[in-house]
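[1] 3D, please:
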Amino acid sequence: MLIVALGNPGRQYAETRHNAGWLLIDRLQERWPIRLNQRSAEAIWGTGQIDGHKVTIALPQTFMNLSGRSARILGKQQGIVPQAMLAVYDEVALPVGRLRMRRGGSAGGHNGVKSLIAELGTQEFLRLRIGVGPRPEHLDLVDFVLGRIPDVDARILQTVYDQGVETIETLVRQGADAAMQVANKNRVEAATES
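    Numbering: from 1, shown residues only. Predicted coordinates for the structure are as follows:
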């Protein structure tokens, strides 16, 4: 299995909505210390084990809009077909606190996913989408996704990242259908002020 987390390299992007996929991988590595110590295929990547199952994790370094190149090159090098890939990324169409997993479908306006589809030549790969929306109408989409995650949303996302790790563990152990059940039942609410 190849997990491709979409994001942008550079300190200035580290805590932005567009890097939610990388932030989830940070949480996954706390539980399963897979060292990302390889630099090739325009990515930082590494291979390790999750519960005895071989997993390769990649963080493309091409910036979001060209992420598919890394996935294509690594998939070819590792002998991993698109159907055995999982893309992990931010989703403006989902509210903060939501996690969704599916196989296939359109890019939904996400340029990183557009790149994956174009480079892999198929839509048939798994997607784990992390809700970072909704975008306020007055904000440009690019400004919104490249904006720093507000503290209130960051607190909610901590729980979402834990659920994302549980989803990936379930995917590795039990397959896509079971993982989709874990991801798609989730909903984390903001704590209400009293």
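[2] For the rest of this, base every contact and every neighbour count on C-alpha atoms.
    Noted.
[3] Going by neighbour count, list what's buried in the host helix or strand of residue 158.
    Of the helices and strands defined by DSSP states H and E, residue 158 is found in helix 151-174. By neighbour count on 16 or more other CA atoms under 10 Å, the buried set for helix 151-174 is 153-154, 156-158, 160-161, 163-172.
[4] Can you give the contact residues for the strand ranked longest in the chain?
    Secondary structure of the chain read by DSSP state E shows that its longest strand is strand 85-95. When contacts are defined by CA atoms under 8 Å, 6 or more residues apart in numbering, strand 85-95 is touched by residues 1-7, 17-22, 110, 125-135, 145.
[5] Can you flag the buried ones in those?
    Applying 16+ other CA under 10 Å to the contacts of strand 85-95, the neighbour count classes 1-7, 17-22, 110, 125-133, 135, 145 as buried.
[6] mind listing which of those residues are in strands?
    Helix and strand membership here follows DSSP E; of the buried ones among the contacts of strand 85-95, those in strands are 2, 3, 4, 5, 126, 127, 128, 129, 130, 131, 132, 133.
[7] any idea how far residue 123 is from the residue most central in space within the chain?
    Among the residues of the chain, the smallest C-alpha distance to the mean C-alpha position (CA atoms, centre = their mean) belongs to residue 88, namely 1.6 Å. The span separating residue 88 from residue 123 equals 14 Å under the rule CA to CA, to the nearest Å.
[8] what do you get for residue 189?
    Relative to residue 123, and taking CA to CA, residue 189 is found at 31 Å.
[9] Of these two, which one has the most company?
    Legend: neighbour count by other CA atoms under 10 Å for residue 189 and residue 123, higher for residue 123 (19 against 13).
[10] so what's the more buried one up against?
    Residue 123 makes contacts with 104, 105, 106, 117, as judged by CA under 8 Å, 6+ apart.
[11] Top of the residues you listed by number of neighbours, please.
    Of the contacts of residue 123, with other CA under 10 Å as the count, residue 117 tops at 21 neighbours.
[12] Now that residue. Its backbone dihedrals?
    In terms of degrees, to the nearest 10, the main-chain angles of residue 117 are phi -60, psi -50.
[13] shift numbering so it begins at 664
    With 664 as the first residue, the last one maps to residue 780.
[14] which residues touch it?
    Taking CA under 8 Å, 6+ apart as the definition of contact, the neighbours of residue 780 are 731, 770, 786.
[15] Next one, pLDDT for the second one please.
    Put plainly, it is residue 770. In the predicted model, residue 770 carries a pLDDT score of 97.
[16] ok, it - how many residues close by?
    Other residues within reach of residue 770 by the criterion other CA under 10 Å amount to 14.
[17] so it makes contact with residue 776?
    Yes - because the distance of 5.2 Å satisfies CA atoms under 8 Å, residue 770 is recorded as touching residue 776.
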